[in-house]
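1. Predicted structure and sequence below. I'll ask about it afterward.
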Amino acid sequence: MTDLRDSTRLHDVARRAALEVRDPLLAAFRTTIAVDYKVDLHDVVTEHDKRSEETITKFIMREVPDSMLLGEEGGSVGSGAVQWYVDPIDGTSNFARGLSFWCVSIAAVIEGEIVAGVVYDPVADNLFSADLNGAYLNGRSIRSNAVPDERRATLITGYPVARDFRLDGKQRALEDIGVLIETFSTVRRPGSAALSISHVAAGWVDAAVGFGVNPWDVTAAILILKQARGSYTPLTLGKVASSSKDYLCPGYVALGEGANYPTLNRIAENISQRRQETSASSSLSVARA
């Protein structure tokens, strides 16, 4: 079990690392930004992602030499006992176009346990964070608070995107999001998983759901939400083993305390189950070939 003092220390390192990139990111925001693409035209990256990750990596390695860092842009660096998951800009498409819903996400993991996390929104100057003592917004304790009835609730999701159409079929995906739009009072898709889950933790929205996240997107936010007494249900989507850690799963349902949303849970589980079945069928076809 991680010592609380270690958790507090790593929390402080994550906080200071995020603040290291605040000024250059704010200076670049809403200027002319050149973009490049990774997997497809929906997967944007900028020079600021790469530069910010380099800054964060150097800072963490200097402060905590016994570290291994996994970043979205630079891959794995180091081989220490403390694992760091870093997304220098979660919501890069928003950042590149001038939409103010993006953040810096940094988390520390020891022996598979998330022990510290920071999600920093530079534009609003809101720093969501957590250690093993609690969850905080700008240093003050926070607690999630969801309305009990999903018909009166606000849901954040990025589903569906083009990738979901390919995996689930366009008609089925549109039917699923249609049910959620009809069921929930409000459905929004602002474009950053880390910041969306942190908003659930702060009690500003009631729920968030996603079906295509990476560890650097969600690891910090998971701890923040759980420490704010919310719940985080991981979804394997047929991509990882059922025993995988929450932060390694590519799907999730994040709920504020007090939420009881059967429609959301049913649709999320159905999507995950369908993808598990598709993955199993694909594996069987390959084995037979």
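-> Structure received. For clarity, every value in this text was computed on a predicted model and none was experimentally measured.
2. contacts and neighbour counts: CA atoms only from here.
-> Noted.
3. Find the centremost residue of the chain, please.
-> For the chain, the residue sitting closest to the mean C-alpha position, by CA atoms, centre = their mean, is V218 at 2.7 Å.
4. Mind splitting the protein into its structural domains?
-> 4-141, 150-282 (automatic domain parsing).
5. want to try JSON lines for the ones you listed, with mean pLDDT as columns?
-> Formatted as JSON lines, the entries for these read as follows, by pLDDT from 0 to 100:
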{"stretch": "domain 4-141", "mean pLDDT": "91"}
{"stretch": "domain 150-282", "mean pLDDT": "96"}
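6. helices or strands next to the longest helix along the chain in the packing?
-> Among the elements of the chain assigned as helix by DSSP state H, the one spanning the most residues is helix 262-288. For helix 262-288, the helices and strands in contact under the criterion 3 or more CA pairs under 8 Å, 6 or more residues apart in numbering; DSSP states H and E are helix 162-168, helix 170-183, strand 251-255.
7. rewinding a little: double-check the residue nearest to the centre of the chain against S192; I have them as touching.
-> No. Taking CA atoms under 8 Å as the definition, V218 is not a contact partner of S192, at 9.6 Å.
8. Need the contact partners of the strand or helix carrying D23.
-> Element membership for D23 (DSSP states H and E) is helix 22-28. When contacts are taken as CA atoms under 8 Å, 6 or more residues apart in numbering, the neighbours of helix 22-28 outside the stretch itself are H48, S52, P122, V123.
9. ok, now with 6 Å
-> By CA atoms under 6 Å, 6 or more residues apart in numbering, the residues outside helix 22-28 that reach it are P122.
10. got it, and stretch 232-241?
-> Here stretch 232-241 makes contact (CA under 6 Å, 6+ apart) with D246, C249, G251, Y252, V253, A254, S272, R275, Q276, S279.
11. and with 8 Å instead?
-> The contact list for stretch 232-241, computed with CA under 8 Å, 6+ apart, reads 211, 222, 225-226, 242, 246-255, 269, 271-280.
12. isn't G71 right next to E54, touching?
-> No. Because the distance of 9.3 Å does not satisfy CA under 8 Å, G71 is recorded as not touching E54.
13. Neighbour count: the two, which is higher?
-> When neighbours are counted by other CA atoms under 10 Å, G71 and E54 differ, and G71 comes out ahead with 23 against 16.
14. and the more buried one, bridged to which residues?
-> Under DSSP bridges, the beta-bridge partners of G71 are G75, V86.
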